[in-house]
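Engineer: below: sequence and its predicted model.
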Amino acid sequence: MTVALLTVAGLAVVVTVIYNSLARLRLLATNAWADIDVQLKRRHDLIPRLVATVEGHSGYERRTLEAVVQARSRAIAAGSPRDAGTAEGELGGAVRGILAVAEAYPDLTAQESFLELQRTLTDIEDQIQNARRYYNAVIRDLNTRIAQFPTNLVARATGFGPGEFFGVGDDDERTVPQIELGGTGS
């Protein structure tokens, strides 16, 4: 009887420890996603200023600006990390497009307001990248724990499921740049 009681108590302790470790990882993932969300909101809030600055300049390409506005709307509406990753990848591509168009207008790119927007956007992109790395590391740890025995038994019994990674949705970002070596001479 004492052995059975000690066994049950030991199992209860093990299950509690496993459950608490899963709960901790889930809370870390929620917090990490909130950090990403804050940075995405900052970028979303900056896009209308960028569009207005470029639009106020003569010769802008309306199609490029509309693509940015539509990509921003899709990014704001994205619900899950997977959907957000895809939508944010599209938004990143659209923003790169608007910046490429702006490069054709030296007087626009020389404006202090445009330069400040570019600097802010670069800073936000760096912060999103760092937040994404941290979030994905936490999700990796959570998913690893959920996949391991005996944690998988506790996870299944208590409703813990794997988390979604916040991936890169833009194929351009995944593509490794090709570097051509010039002047090799045969």
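Structural biologist: Happy to help now that I have it. This structure is a prediction, so every number in the text was calculated from the model and none was measured.
Engineer: quick one: low-confidence ranges for the protein?
Structural biologist: Scanning the chain for pLDDT under 70 picks out 58-60, 168-186.
Engineer: in it, which spans are helices?
Structural biologist: Taking DSSP state H to define them, one finds helices in the chain at 2-55, 62-77, 81-102, 106-109, 112-147, 151-158, 171-174.
Engineer: okay, those in a markdown table with mean neighbour count and distance to Glu164 next?
Structural biologist: All C-beta spots, glycine's among them, are computed from the backbone N, C-alpha and C. What follows is the helices of the chain, written out as a markdown table (neighbours: other CB atoms under 10 Å; distance: least, CB to CB, whole Å):
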| stretch | mean neighbour count | distance to Glu164 |
| --- | --- | --- |
| helix 2-55 | 15 | 9 |
| helix 62-77 | 16 | 16 |
| helix 81-102 | 20 | 4 |
| helix 106-109 | 13 | 38 |
| helix 112-147 | 16 | 7 |
| helix 151-158 | 15 | 16 |
| helix 171-174 | 10 | 18 |
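Engineer: out of these, nearest to Phe165?
Structural biologist: Of all these, helix 112-147 sits nearest to Phe165, with 5.2 Å by CB to CB.
Engineer: the closest one - contacts with which helices or strands?
Structural biologist: Helix 112-147 is packed against helix 2-55, helix 81-102, helix 151-158, with contacts defined by 3 or more CB pairs under 8 Å, 6 or more residues apart in numbering; DSSP states H and E.
Engineer: and Val54, how far is that from Leu117?
Structural biologist: Relative to Leu117, Val54 is positioned 9 Å away (CB to CB, to the nearest Å).
Engineer: make that Arg43, sorry
Structural biologist: 11 Å.
Engineer: over to Val17?
Structural biologist: Val17 is 50 Å from Leu117, by CB to CB.
Engineer: if we can go back for a sec, same list, the helices of the chain, but as a markdown table with distance to Phe165 please.
Structural biologist: What follows is the helices of the chain, written out as a markdown table (distance: least, CB to CB, whole Å):
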| stretch | distance to Phe165 |
| --- | --- |
| helix 2-55 | 10 |
| helix 62-77 | 17 |
| helix 81-102 | 7 |
| helix 106-109 | 35 |
| helix 112-147 | 5 |
| helix 151-158 | 18 |
| helix 171-174 | 14 |
